[in-house]
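Novice: test case, fold it:
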Amino acid sequence: TMKALAASSISQYENSVNALSDYYRTEFGLSACFRLTESLMTITSPQQSKRGENEMGAIVFGSDQGLVGQFNEDVADFAIKTFSDLDVKPKIWVIGERVHARLTDAGLMVVKGFTLPTSVNGIAPLIKQ
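Specialist: Numbers count the residues shown, from 1 in each chain. Next comes the predicted model:
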C-alpha cells in the first residue's frame, strides 16, 4: 500500500512540474506578444501617452464555465481592488463574459472583451484576435 501511495504522489508531483513548465512557456509567450503589440505596450507599468497622461493596459482572465465556484467573482473583486489602488485608470482587455460584466458594472474601462471558446476548435480563432 505504501508503494502505491508513493507512486501516486510522485505522479501528482510530476504532473505539477509539467503544469508549471507549461505555464512558464505560456507566460513567456504572452510577454513576447505584448512587447510587439503597441496597443498593450504599457501592460506592466504606466507610461506617458501622447496627451501627457499616464496610461496602462491590463488583461483579466475569467471563465465562462459553470461549476467553478466563486472563481469569476474572486478574479473580478481582485481586479477591481487592484485597479482602484492605482493612480492611473488602466485600459482593460477581458477574457470571459462573466468577469467582463462585473468589471463594466464597476465602472472600469474595458476596451476589448473576448468570449472563451467552447471547444478546442475555437482556441486558434481566439488567439488570432
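Novice: rest of the way, CA atoms for contacts and neighbours
Specialist: Will do.
Novice: give the burial count for residue 10, as a bare number.
Specialist: 12 (other CA atoms under 10 Å).
Novice: when you give positions from now on, start the count at 600
Specialist: In the new count, where the first residue is 600, that last one comes out as residue 609.
Novice: tell me the pLDDT at it?
Specialist: Turning to residue 609, the model gives it a pLDDT of 73.
Novice: state the helix or strand in which it lies.
Specialist: Residue 609 is part of helix 601-635, with elements assigned from DSSP states H and E.
Novice: repeat for residue 682
Specialist: Assigned by DSSP H and E, residue 682 falls in helix 670-683.
Novice: one more: residue 710?
Specialist: Element membership of residue 710 [criterion: DSSP H and E] is strand 708-713.
Novice: and the next helix or strand past that strand?
Specialist: Taking DSSP H and E, what comes next after strand 708-713 is helix 722-727.
Novice: give me the mean pLDDT for that following helix.
Specialist: 73.
Novice: one more: stretch 660-679?
Specialist: 84.
Novice: grab the CA positions of it and hand them over as CSV.
Specialist: C-alpha atoms of stretch 660-679 as CSV (Å, rounded to 0.1, in the frame of the first residue of the first chain):
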residue,chain,number,x,y,z
PHE,A,660,-8.7,36.3,-17.5
GLY,A,661,-12.0,34.8,-16.3
SER,A,662,-14.1,31.7,-17.0
ASP,A,663,-17.4,31.2,-18.8
GLN,A,664,-17.7,27.7,-17.3
GLY,A,665,-20.1,26.8,-14.6
LEU,A,666,-19.1,24.8,-11.5
VAL,A,667,-16.0,26.9,-10.8
GLY,A,668,-17.3,28.2,-7.5
GLN,A,669,-16.6,31.9,-7.0
PHE,A,670,-13.7,32.0,-9.3
ASN,A,671,-15.1,34.8,-11.5
GLU,A,672,-16.2,36.8,-8.6
ASP,A,673,-12.8,36.5,-6.9
VAL,A,674,-11.0,37.4,-10.1
ALA,A,675,-13.3,40.4,-10.6
ASP,A,676,-13.0,41.6,-7.0
PHE,A,677,-9.2,41.3,-7.1
ALA,A,678,-9.0,43.3,-10.4
ILE,A,679,-11.4,46.0,-9.1
